[in-house]
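K.L.:
okay, sequence plus prediction incoming.
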Amino acid sequence: MFEEAQYFAPVAANEDGSVTVQLAANHPGFADPVYRARRNAIAALAVGHTKGDPIPHAEYTDEEHEVWALVTRELAAKHHKYAVTEFVNAAEELGLPTDHIPQLEEVSDLLTPLTGFRYLPAAGLVPLREFYGVLADGYFHSTQYIRHHSVPFYTPEPDIIHEVIGHGNTLASRRFADLYRVAGRAAQHVETEEALEFVSKIFWFTLEFGVMNENNELKAYGAGILSSYGEIEEFRGMDIRPLDLAAMGATEYDITKYQDVLFAAASLNHLEDVVGSFWATCDDDMIDKLRA
Ligand SMILES: [Fe+2]
């Protein structure tokens with residue numbers, strides 16, 4: 001329901017060095033001054049962070065840890081039904097905590113031995129080229145805040161449940177991690193903004209909202225579906241189209257609602273052959289031809 005670098009609440013740096021997260025009036029936490037103060041403090045951690053340093057510790061309330069525990073439990077059950085086997089196995093290997101929100105440093109320490117990935121903290125919007133570019137070096141930008149506790153199964157923006165349960169479990173798979181890496185190399189390699197946007201749309205329709213066939217059933221591997229309590233129940237009823245680079249690049253999407261057009265790979269091998277090979281070899285000319 002959201003895209004990195006597009007759907008984050010704006011973050012403003014104040015003259016006194018503090019940081020203000022500008023939540024929209026319809027955000028579930030808008031009228032909660034304690035939540036808003038915590039959002040500001042958590043965003044400030046990322047603003048002051050330098051790559052290579054440990055990620056600063058974010059404070060969460062007991063209510064927020066309970067949200068994590070509840071959503072983790074519910075999603076894990078749904079993953080067994082709806083997620084590709086590669087994801088389920090990777091999640092089991094990663095072994096995220098189920099009773100408390102893990103610190104990003106903690107998740108990085110679990111991920112690194114498996115695939116070499118580590119997290120970087122993001123206050124909010126990260127420019128596309130930066131967000132995707134660092135994937136090539138095994139870094140993944142993540143927000144640290146969690147959704148408002150009043151609506152545990154809803155978030156209008158990517159929170160730590162999306163970033164860690166969705167992307168983190170996926171990044172624990174060597175095969176998926178390799179796809180993230182080549183997506184990053186593509187983003188580093190292409191020159192024009194149009195080509196970069198094309199690369200990011202392929203990411204959106206695959207690693208964010210991708211589905212694939214497995215034993216004659218449609219399963220999800222996209223982090224956006226796998227971290228959404230509602231969307232994971234709905235994806236099979238959407239307009240499912242065959243995996244096609246030009247079509248993905250030309251399809252518009254609305255980040256504020258469930259994705260109604262999805263692209264299905266025939267298998268993980270098929271995804272690697274089509275999308276992995278594209279990211280590994282694409283340049284501006286190739287993308288111009290696909291866009292034509
Ligand atoms: Fe995401």
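P.N.:
All right, it came through fine. Nothing here was measured: the structure is a model prediction, and the numbers come from that model. Residues are numbered from 1 along each chain as shown.
K.L.:
in the stretch 151-292 of the chain, which spans are helices?
P.N.:
Counting by DSSP state H, counting those that start in this stretch, the stretch 151-292 of the chain has these helices, from start to end: 160, 169-171, 174-189, 193-203, 223-226, 245-250, 268-271, 277-281, 284-291.
K.L.:
just say which of those helices is most tucked in.
P.N.:
Taking mean count of other C-beta atoms under 10 Å as the contact definition, the stretch among the helices of the stretch 151-292 of the chain with the greatest mean neighbour count is helix 169-171, which reaches a mean of 29. The C-beta positions use only the backbone N, C-alpha and C, and glycine is treated the same way.
K.L.:
list the contacts of that one.
P.N.:
Applying C-beta atoms under 8 Å, 6 or more residues apart in numbering, the external contacts of helix 169-171 come out as 87, 90-91, 94, 96, 111, 115, 117, 140, 176-177, 180, 207, 221, 223, 226.
K.L.:
before we move on, the earlier item: okay if I get the helices of the stretch 151-292 of the chain as TSV plus mean pLDDT and distance to residue 262?
P.N.:
Written out in TSV, the entries for these read as follows (pLDDT from 0 to 100; distance: least, C-beta to C-beta, whole Å):
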stretch	mean pLDDT	distance to residue 262
helix 160	98	25
helix 169-171	98	16
helix 174-189	98	17
helix 193-203	97	13
helix 223-226	96	8
helix 245-250	97	10
helix 268-271	98	13
helix 277-281	98	18
helix 284-291	98	19
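K.L.:
and those: which comes nearest residue 135?
P.N.:
Distance to residue 135, taken as C-beta to C-beta, is lowest for helix 174-189 among the helices of the stretch 151-292 of the chain, at 2.9 Å.
K.L.:
helices or strands up against the closest one?
P.N.:
When contacts are defined as 3 or more C-beta pairs under 8 Å, 6 or more residues apart in numbering; DSSP states H and E, helix 174-189 packs onto helix 85-94, helix 104-115, helix 128-133, helix 169-171, helix 193-203, helix 277-281.
K.L.:
re earlier: max pairwise distance over the contacts of helix 169-171: which two?
P.N.:
In the contacts of helix 169-171, two members sit farther apart than any others by C-beta to C-beta. They are 96 and 207, at 18.5 Å.
K.L.:
which one of those two is surrounded by more residues?
P.N.:
residue 207 (23 against 20; other C-beta atoms under 10 Å).
K.L.:
distance of that one from residue 220?
P.N.:
When C-beta to C-beta, to the nearest Å is applied, the distance between residue 207 and residue 220 equals 11 Å.
K.L.:
with residue 45 instead?
P.N.:
In terms of C-beta to C-beta, residue 45 sits 31 Å off from residue 220.
K.L.:
next: residue 242.
P.N.:
Between residue 242 and residue 220 the computed distance is 16 Å (C-beta to C-beta).
K.L.:
more neighbours, these two?
P.N.:
residue 220 (25 against 11).
K.L.:
for the more buried one, name its beta-bridge partners.
P.N.:
Applying DSSP bridges to residue 220 gives these bridge partners: residue 83, residue 211.
K.L.:
looking at it, it is touching residue 82, isn't it?
P.N.:
Yes: using C-beta atoms under 8 Å, residue 220 and residue 82 qualify as a contacting pair, with a distance of 5.5 Å.
K.L.:
which intervals of the stretch 1-150 of the chain have sub-threshold pLDDT?
P.N.:
Low-confidence segments of the stretch 1-150 of the chain (pLDDT under 70): 1-6.
K.L.:
those strands in it, which residues are they?
P.N.:
Residue ranges of the strands in the stretch 1-150 of the chain, as given by DSSP state E, counting those that start in this stretch, are 11-13, 19-21, 118-121, 139-142.
K.L.:
list residues touching both of residue 220 and residue 82?
P.N.:
Contact criterion C-beta under 8 Å, 6+ apart; residues shared by residue 220 and residue 82: 226, 232, 235.
K.L.:
which residue is the nearest non-sequential neighbour of the first one?
P.N.:
Right, the one you point to is residue 226. What sits nearest to residue 226 in space, not counting adjacent residues and going by C-beta to C-beta, 6 or more residues apart in numbering, is residue 166, at 5.1 Å.
K.L.:
how many residues are close by the one you found?
P.N.:
22.
K.L.:
residues touching it, list them.
P.N.:
Shown in contact with residue 166 (C-beta under 8 Å, 6+ apart): 222, 223, 224, 226, 227.
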